[in-house]
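Student: need coordinates for the below:
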Amino acid sequence: MPNRYENYPRIAVVTGGDSGIGRACAAALAGAGFDIGVTWYSDAEGAERTAEEVRAAGRRAETAHLDLTRLPQAASVVDELADRLGGIGVLVNNAGTGASTPFVDTAWEQWREVLAVDLDGPFLCGQRAARRMRAAGRGGRIVNITSVHEHAPRVGSAAYCAAKGGLGLLTKVMAQELAADGITVNAVAPGEIATPMTGQEDVDPFTRERPGVPVGRPGDAREVAAVVALLASPAAAYVTGASWPVDGGMLMMGPQAGSHLPSDEWRSG
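Tutor: Numbers count the residues shown, from 1 in each chain. Alright, predicted model coming up:
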């Protein structure tokens with residue numbers, strides 16, 4: 001018997017789709033047959049390059065500006081793009097920011113900016129998408145891009161870790177509440193990925209050594225996007241409330257890495 005909840009529109013909105021993981025997700029979803037709404041914060045030209053890649057795959061693409069420090073109004077971009085594309089079946093909450101400041105030195109303004117972008121934004125955008133999916137009655141998919149720091153702390157990243165940890169538990173609550181509507185909600189938790197956010201734009205990750213990571217290198221954004229595309233597909237209908245690390249095994253190394261650190265340099269982040 002066909003599942004009516006696998007008939008959601010092949011339309012996806014990817015926040016922060018102007019570069020890095022967001023661009024890779026847009027391309028992967030376009031390759032899987034989705035029309036794509038792309039949001040951007042500071043790089044309109046980057047968003048248009050992503051849109052051109054989507055169109056080259058034979059799919060429709062629309063772009064829109066999104067500033068997640070201007071909440072709650074900014075989240076209306078989800079409805080705007082859904083209206084322009086004719087619906088929404090998938091939301092990828094990818095837009096994010098970070099900070100590298102010791103806990104005691106983190107200014108309130110910096111704390112609030114990171115929490116707004118990395119936690120408040122996905123909450124509000126997720127609400128917008130879920131309401132539309134629920135009203136359409138055809139199910140859907142929400143994928144929240146978190147981080148390995150959803151699961152493990154990092155010195156100097158108090159705000160980032162708090163936001164990503166919060167988004168991880170928010171993902172689980174969303175999954176519980178939306179399952180009856182055929183809407184699955186999962187997290188994807190990248191490790192070190194060669195993107196502009198990690199200062200590795202246009203870097204071939206296969207040329208970099210990471211001895212402390214079992215796979216031995218950083219990740220490629222397309223490796224994250226492949227998991228996102230799976231979770232966005234009808235084939236993943238029985239997967240919800242999970243967090244999928246895409247980290248080359250980094251999280252497995254916690255105690256072992258701690259016992260093999262050669263100096264106190266880690267204390268400065």
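
Student: could you use CA atoms for every contact and neighbour count after this?
Tutor: Will do.

Student: where do the helices sit along the stretch 1-150 of the chain?
Tutor: For the stretch 1-150 of the chain, applying DSSP state H, counting those that start in this stretch gives helices covering 20-31, 44-56, 77-85, 108-115, 121-136.

Student: of all those helices, which one is nearest T207?
Tutor: helix 20-31 (17.7 Å; Cα to Cα).

Student: list every C-alpha atom in the closest one, with coordinates, as PDB.
Tutor: Listed next in PDB are the C-alpha coordinates belonging to helix 20-31 (Å, rounded to 0.1, in the frame of the first residue of the first chain):
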ATOM      1  CA  GLY A  20      30.000  25.100   1.600                       C
ATOM      2  CA  ILE A  21      27.700  22.500   3.000                       C
ATOM      3  CA  GLY A  22      24.600  24.400   2.000                       C
ATOM      4  CA  ARG A  23      25.700  24.600  -1.700                       C
ATOM      5  CA  ALA A  24      26.500  20.900  -1.700                       C
ATOM      6  CA  CYS A  25      23.100  20.000  -0.200                       C
ATOM      7  CA  ALA A  26      21.300  22.100  -2.800                       C
ATOM      8  CA  ALA A  27      23.200  20.400  -5.600                       C
ATOM      9  CA  ALA A  28      22.600  16.900  -4.100                       C
ATOM     10  CA  LEU A  29      18.900  17.500  -3.700                       C
ATOM     11  CA  ALA A  30      18.600  18.900  -7.200                       C
ATOM     12  CA  GLY A  31      20.300  15.800  -8.500                       C
END
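
Student: report all helices and strands that that helix contacts.
Tutor: In terms of contacts (3 or more Cα pairs under 8 Å, 6 or more residues apart in numbering; DSSP states H and E), helix 20-31 is packed against strand 11-14, strand 35-40, helix 44-56, helix 221-231.

Student: okay, those in a markdown table with distance to R70 and mean neighbour count next?
Tutor: Output for the helices and strands packed on helix 20-31, formatted as a markdown table (distance: least, Cα to Cα, whole Å; neighbours: other Cα atoms under 10 Å):
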| stretch | distance to R70 | mean neighbour count |
| --- | --- | --- |
| strand 11-14 | 18 | 29 |
| strand 35-40 | 14 | 28 |
| helix 44-56 | 18 | 19 |
| helix 221-231 | 27 | 21 |
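
Student: reformat the ones you listed as TSV; add mean pLDDT and distance to L71.
Tutor: Output for the helices and strands packed on helix 20-31, formatted as TSV (pLDDT from 0 to 100; distance: least, Cα to Cα, whole Å):
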stretch	mean pLDDT	distance to L71
strand 11-14	98	18
strand 35-40	98	15
helix 44-56	97	20
helix 221-231	97	26
